[in-house]
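3D model of this:
(2 chains)
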Amino acid sequence: MTTNSTMDIPAHVPQDRVVDFDYLRPTGIDEDLHLAWKRAQDSLPDIFWTPRNGGHWVATRAQDIKAIQLDHQRFSHKRLLIQGPEGHEGSVLTMDPPRHGLYRMLISPAFSPKAIAALEPIVRQTAVTLIEELRPRGECEFVGDFAKVLPVEVFLGLVDLPLEDREFLLPFAEKIARPRNPQDYGEGQAGLTQYISQVLTARAQQPGGDLLSKIVTAKIDGEPIAFEAAVALSRTVLAGGLDTVASILGFVARFLALNPGHRRQLIDDPSLVGNAVEELIRRHGIANTARVLTQDTEFKGVRLRAGEQILIPNNLYGLDERQVDDPLVVDFTRAHPDRHSAAFGNGPHRCPGSFLAKSEITVFLQEWLARIPDFDIKPGTTPRMASGHVNATHELHLAWDTDSR
Amino acid sequence: MPKITFIEDGGAEHAVEATVGESVMHAAMDNLVPGISAECGGYANCATCHVYVDQAWADRLPAPEEVEEVMIEAAFDVRPTSRLSCQIQVTEATDGLIVNLPASQTGA
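Next comes the predicted model:
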């Protein structure tokens, strides 16, 4: 699927805008994923075209990323992922306003600050139980032992699904978020579709008070929601709940392992935690979504053609020095780091789960540092990171002194 | 320019000059009125621009659409005069509008 042949470069793309860039494997992500992306932002044109992954545009600067996110008339959500399929009814991620709003309002209330505040005791209890189990061991593989457990257990509880389904569901979420080949994405979607169809069939017959029951019994424009649309919407909720917080927790834990001063700062002044969460999210953005051109247009002096895709790596927004001073520095006292972040997107598609995500990261910082204040990357191990539709840490071995409490 | 007065939960008043066509939420954000977070940026998706419209104004504004009504219920301390300020458009007719701000948008 990948090619570097200049024969594949469309005639309207200027030669100086052509770059061989593979967003699934930016050079150097094995050492530090975000620095690798930052190098691309620093060294490549603001807007360029790559023949990789089917051929697409990339916009790397905060101002352009935001402008594209807000301009759904020219930059549609209909194909949200590079080489991804066209969206269809009920697939809330690939819908443009105003239709999008009809589906979005089915899920937004479940993730409002009020709903999440009510959920926080469960998040905290889950986190404390996990950390208390890990602490006496003196080491863990953070991604598998914590990052992919806390948010997934909380989420499965929220939609009233059995916790033991976690192991079955995670591989599908992985294929959707970080496909290694063009087949992966379809297989992941098919797996979740089959699972969620069974769940929704049962809940349509016997609805409960949970979000999935609400979706399958909802009305759209006064008509009962189409079953396929309910499946698509639920699948989106599921994919978001299974992968995203798990992904960012890995980056946050790695940062803390490497920066004892920052750990100490949070332990000494817990009032910084709220702002620290925003700053860590700014510095460690995870999403790489795309838009599809609805028409031939000119953007920042570049001619774009209808049907072409443009990648807008949200993770680069918070790393752009034109947007935020000293972007690579993590400063827990930085003023309003959330204003320099597009980690949750801008516009009508902004992540509905942002309050849940922040709640889980907050609880992680508070409860982990209270029990394991000092920890390092385990000697002899190297964290493994992966770029994709959602950037993630795949493996992070941590070690600590069990007497250090 | 239509005038809007925001009254914080503690009683502090902020009178701002708003622009016709923008939302009441944007008028507050542009004038650095505290007490509104507007996390989603104005799409009735997050319920953090929650306000209480002054009783005298409650019936004079266009009624909320379904998308707003659904999200108002997701705000903290909802009252009969609750609105999401991102969904109230500033017009010449809203000159003199008074809105009260809740104690918190996030429950914190």
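
use CA for all of it now, contacts and neighbours both
Will do.

quick one: contacts for A:S112?
Going by C-alpha atoms under 8 Å, 6 or more residues apart in numbering or on different chains, A:S112 touches A:352, A:355, B:46-47, B:74-75.

closest one to B:G11 out of these, please.
B:A75 (20.7 Å; C-alpha to C-alpha).

do you know how far the closest one is from chain A?
Plainly put, B:A75 is 6 Å away from chain A if you go by C-alpha to the nearest C-alpha, to the nearest Å.

let's have the contacts of A:S112 in CSV, adding pLDDT, distance to A:N275 and secondary structure.
Listed next are the contacts of A:S112 as CSV, based on pLDDT from 0 to 100; distance: C-alpha to C-alpha, whole Å; DSSP: H, G, I helix; E, B strand; the rest coil:
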residue, pLDDT, distance to A:N275, secondary structure
A:P352, 91, 20, coil
A:F355, 94, 14, helix
B:C46, 92, 19, coil
B:A47, 93, 21, coil
B:A74, 92, 24, coil
B:A75, 94, 22, coil
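
ok, so of those residues, who is nearest A:E133?
Taking C-alpha to C-alpha as the measure, A:E133 lies nearest A:F355 of the contacts of A:S112, at 26.6 Å.

run through chain B and note the low-pLDDT ranges.
In the prediction, chain B carries no residues with pLDDT under 70.

and it, which residues reach chain A?
Taking C-alpha under 8 Å from any C-alpha of the partner chain as the contact definition, chain B meets chain A at B:40-43, B:45-48, B:67, B:70-71, B:73-76, B:105-107.

hmm, try it at 6 Å
In this structure, chain B approaches chain A at residues B:43, B:45-46, B:67, B:71, B:74, B:106, judged by C-alpha under 6 Å from any C-alpha of the partner chain.

which of those residues fall in helices?
Among the residues of chain B next to chain A, the members found in helices (DSSP state H) are B:67, B:71.

pick out the most distant pair among the residues of chain B next to chain A.
With distance counted by C-alpha to C-alpha, no two of the residues of chain B next to chain A lie farther apart than B:V67 and B:T106, which are 19.6 Å apart.

ok, A:A357 - contacts?
A:A357 makes contacts with A:V245, as judged by C-alpha atoms under 6 Å, 6 or more residues apart in numbering or on different chains.

where's it, which helix or strand?
Per DSSP states H and E, A:A357 falls inside helix A:354-371.

show me what counts as buried in that helix.
Judged by neighbour count (16 or more other C-alpha atoms under 10 Å in any protein chain shown), helix A:354-371 contains these buried residues: A:354-369.

also stretch A:218-228?
Of all the residues in stretch A:218-228, those buried under the rule 16+ other C-alpha under 10 Å are A:218, A:225-228.

dump those residues to a markdown table, plus secondary structure, distance to chain B and pLDDT.
Rendered in a markdown table, the data for the buried residues of stretch A:218-228 read as follows (DSSP: H, G, I helix; E, B strand; the rest coil; distance: C-alpha to the nearest C-alpha, whole Å; pLDDT from 0 to 100):
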| residue | secondary structure | distance to chain B | pLDDT |
| --- | --- | --- | --- |
| A:A218 | coil | 13 | 94 |
| A:I225 | coil | 16 | 94 |
| A:A226 | coil | 19 | 93 |
| A:F227 | helix | 21 | 94 |
| A:E228 | helix | 22 | 92 |
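
ok, so of those residues, who is nearest A:D338?
Distance ranking of the buried residues of stretch A:218-228 against A:D338, using C-alpha to C-alpha, places A:A218 first at 33.2 Å.

now for the buried residues of helix A:354-371: which two are most distant?
Distance extremes for the buried residues of helix A:354-371: the farthest pair is A:S354 and A:L369 at 22.3 Å, using C-alpha to C-alpha.

quick one, strands of chain B?
Listed from the start of the chain, chain B has strands (DSSP state E) covering B:3-7, B:13-17, B:50-53, B:82-84, B:97-100.

could you check how far the third one is from the centre of its chain?
The chain centre lies 5 Å from the centre of strand B:50-53; the measure is C-alpha atoms, centre = their mean, to the nearest Å.

run me through the strand neighbours of it, direction for each.
The partner list of strand B:50-53 in its sheet, established with DSSP bridges, is strand B:82-84 (antiparallel), strand B:97-100 (antiparallel).

the strand or helix carrying A:E278 near chain B anywhere?
Here A:E278, judged by DSSP H and E, is contained in helix A:273-283. No: contact of helix A:273-283 with chain B (C-alpha under 6 Å from any C-alpha) is absent, the minimum separation being 10.8 Å.

who touches that helix?
Applying C-alpha under 6 Å, 6+ apart, the contact partners of helix A:273-283 are A:318, A:332, A:337-338, A:341.

buried ones among the contacts of A:S112?
With burial judged by 16+ other C-alpha under 10 Å, the buried subset of these is A:352, A:355, B:46-47, B:74-75.

pick out the most distant pair among these.
Pairwise distances among these were taken by C-alpha to C-alpha; the largest, 14.5 Å, belongs to A:P352 and B:A75.

what score does A:T2 have for pLDDT?
Per-residue confidence (pLDDT) for A:T2: 43.

now do the end-to-end distance for stretch B:49-64.
For stretch B:49-64, the first-to-last residue distance is 14 Å (C-alpha to C-alpha, to the nearest Å).

that stretch: which residues count as buried?
With burial defined by 16+ other C-alpha under 10 Å, the residues of stretch B:49-64 counted as buried are B:49-54, B:58.

now do stretch A:115-131
Counting neighbours by 16+ other C-alpha under 10 Å, stretch A:115-131 gives A:115-117, A:119-120, A:122-124, A:126-128, A:130-131 as buried.

now do stretch A:253-267
Applying a neighbour-count criterion of 16+ other C-alpha under 10 Å, the buried positions in stretch A:253-267 are A:253-257, A:262-263, A:266-267.

ok, residues contacting stretch B:59-73?
Residues from elsewhere that reach stretch B:59-73, judged by C-alpha under 6 Å, 6+ apart: A:105, A:109, B:44, B:47.

between those residues, which has the most around it?
When those are compared by neighbour count (other C-alpha atoms under 10 Å in any protein chain shown), B:A47 ends up highest, at 33 neighbours.

what residues are up against that residue?
B:71, B:75.

what is the burial count for A:L158?
When neighbours are defined as other C-alpha under 10 Å, A:L158 has 17 of them.

state the distance from the spatially most central residue of chain B to B:E73.
With the centre of chain B defined as its mean C-alpha position, the nearest residue by C-alpha atoms, centre = their mean is B:S85, 2.9 Å away. Using C-alpha to C-alpha, B:S85 is found at 14 Å from B:E73.

also A:S108?
Between A:S108 and B:E73 the computed distance is 11 Å (C-alpha to C-alpha).

three-state assignment of A:G84?
Using DSSP: H, G, I helix; E, B strand; the rest coil, the structure places A:G84 in coil.

residues near the nearest residue to it once chain neighbours are set aside, how many?
In space, and not counting its chain neighbours, A:G84 is closest to A:Y185: 7.9 Å by C-alpha to C-alpha, 6 or more residues apart in numbering or on different chains. The tally of other residues near A:Y185 (other C-alpha under 10 Å) stands at 23.
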